[in-house]
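Trainee: could you look at this predicted model? Sequence included:
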Amino acid sequence: MMSSVAQSPTTGYLTMRLASEYYALPGTSVREIMRWRTPTPVPGAPPMIPGLINQRGQILTVIDARLLLGLAAAPLDRSTRLVWIQHHATDAALLVDAVIDLITIAPDHLTPPPINLTGSAQRVIQAVYQRDDDQPIAILDPSALLILVQEAL
């Protein structure tokens with residue numbers, strides 16, 4: 001039986017920026033990239049959930065990725081984006097500072113996350129990709145992200 005790595009030599013990832021850090025999501029879990037628009041607030045929701053949006057008839061929970069990963073909140077600007085992620089039957093819109101690029105990474109270029117990660121980062125970062133410019137990109141696990149949000153509700 002062949003491993004999934006052998007069947008898929010490279011995988012596409014959507015890279016994005018939060019503060020001065022770079023993150024990526026598997027391209028297979030990204031449905032759409034949208035410009036920021038103000039969501040409808042949900043009374044009693046935690047700060048990481050600024051509200052809901054309607055995108056093409058689908059109601060999406062907006063998740064502030066900065067707050068989810070323990071980073072400070074930031075003002076919105078022209079580069080702020082919502083990334084519609086889908087994992088199994090769950091859809092959500094991830095609020096990020098900027099979407100950078102769609103890149104392809106071979107599995108052997110991924111390394112395990114640092115052992116000194118704490119909090120939510122420890123749970124959602126599944127690997128690290130070291131770019132040529134020495135800027136590491138943390139690969140996020142969409143399933144772990146959504147579980148973390150559900151636990152916060």
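Mentor: Received it, and whenever you're ready, just let me know what you need.
Trainee: where does residue 48 land in three-state SS?
Mentor: Here residue 48 takes the coil state, with states given by DSSP: H, G, I helix; E, B strand; the rest coil.
Trainee: my guess is it meets residue 69, correct?
Mentor: No: when contacts are counted by Cβ atoms under 8 Å, residue 48 is not listed as touching residue 69 (9.4 Å). From N, CA and C alone the C-beta is placed, and that goes for glycine too.
Trainee: can you pull the buried residues of stretch 27-38?
Mentor: 29, 30, 31, 34, 36 (16 or more other Cβ atoms under 10 Å).
Trainee: identify the farthest-apart pair in the residues you listed.
Mentor: Among the buried residues of stretch 27-38, the pair separated by the greatest distance (Cβ to Cβ) is 29 and 36, at 20.1 Å.
Trainee: what's the helix or strand for the closest residue to residue 54 other than its chain neighbours?
Mentor: Using Cβ to Cβ, 6 or more residues apart in numbering and skipping residues adjacent in sequence, the residue nearest residue 54 is residue 60, 7.7 Å away. Of the helices and strands defined by DSSP states H and E, residue 60 is found in strand 58-64.
Trainee: strands paired with that strand, and their directions?
Mentor: strand 51-55 (antiparallel), strand 90-96 (parallel) (DSSP bridges).
Trainee: tell me the most buried of those?
Mentor: For these, average neighbour numbers computed from mean count of other Cβ atoms under 10 Å are highest in strand 90-96, which has a mean of 22.
Trainee: so what touches the next helix or strand after that one?
Mentor: Moving toward the C-terminus from strand 90-96, the next helix or strand (DSSP H and E) is strand 98-105. Contacts with strand 98-105, where a contact means Cβ atoms under 8 Å, 6 or more residues apart in numbering, come from 10-17, 22, 24, 27, 33, 79-81, 83, 129.
Trainee: returning to that earlier point: from the buried residues of stretch 27-38, pick the one nearest residue 134.
Mentor: Nearest to residue 134 out of the buried residues of stretch 27-38 is residue 30 (Cβ to Cβ; 25.6 Å).
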